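Participant: Dropping a prediction and its sequence here:
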Amino acid sequence: MIEQRRRSSLLLQDLVLGGVLLAIGILFPIAFHALDIAGSTFLPMHIPILIGGFFLPWQEALLLGLLTPFLSFLFTSLPPFPVFLVMMGELGTYGLLISLLSRKLRMGIYPTLVLGMLAGRAVYIFLFWLVLVVFSGKPFDFLEVLSALFVAALPGIIIQLFLVPVLVKVLRKEERWF
């Protein structure tokens, strides 16, 4: 009975955390666009997904990554079609892989974060190619996509590499929450 209550409490805690991170994932980009700050440069939607990967079970972290760009598109039309579809794969990969690496394999924060970010970007490249070439018949410029993901987004990557580990460490100290 006590174990069942503990599991119910953890499930509720995960659902609340997932809901909060989902809301942040939708609201951050709205704030950035309202201030005329490029979301594709600072990647505000990525931060709550990356954090969620460290604290949520893989299924919920994956769902968070899939739902955030989808719901953001439904509510705000951003990211635009078909980019939100590609971002669903990218952010879903972040949540899934980071959760598995940190919670199941107990890898450190930085290796987990870097591997998750690289895997998510690899999925982005594949899905972008699929949408652009296969479905749209448009040419695919691999170097242009790499430049957008790693050069134009460098400020967001730097923010992620500094902010996410700090937030994860701070939040882990609050044992009653995580």
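Facilitator: Right, received. Where do you want to start? Numbering: from 1, shown residues only.

Participant: which residues does Leu97 contact?
Facilitator: Leu97 makes contact with 53, 115-116, 119-120, according to CB atoms under 8 Å, 6 or more residues apart in numbering. Placement of C-beta: from N, CA and C, glycine included.

Participant: Beyond the helix or strand hosting it, next helix or strand please.
Facilitator: Under the criterion of DSSP states H and E, Leu97 resides in helix 83-99. Counting by DSSP H and E, the element after helix 83-99 in chain order, helix or strand, is helix 109-129.

Participant: Now that following helix: buried residues?
Facilitator: 109, 112-113, 116-117, 119-121, 123-125, 127-128 (16 or more other CB atoms under 10 Å).

Participant: just stretch 129-139 next, same as before
Facilitator: Per 16+ other CB under 10 Å, stretch 129-139 contains these buried residues: 130-132.

Participant: cool, stretch 161-173 as well?
Facilitator: By neighbour count on 16+ other CB under 10 Å, the buried set for stretch 161-173 is 164-165, 168.

Participant: before we move on, the earlier item: just give me the closest of the buried residues of helix 109-129 to Ala61.
Facilitator: Of all the buried residues of helix 109-129, Ala61 sits closest to Gly116, with 9.9 Å by CB to CB.
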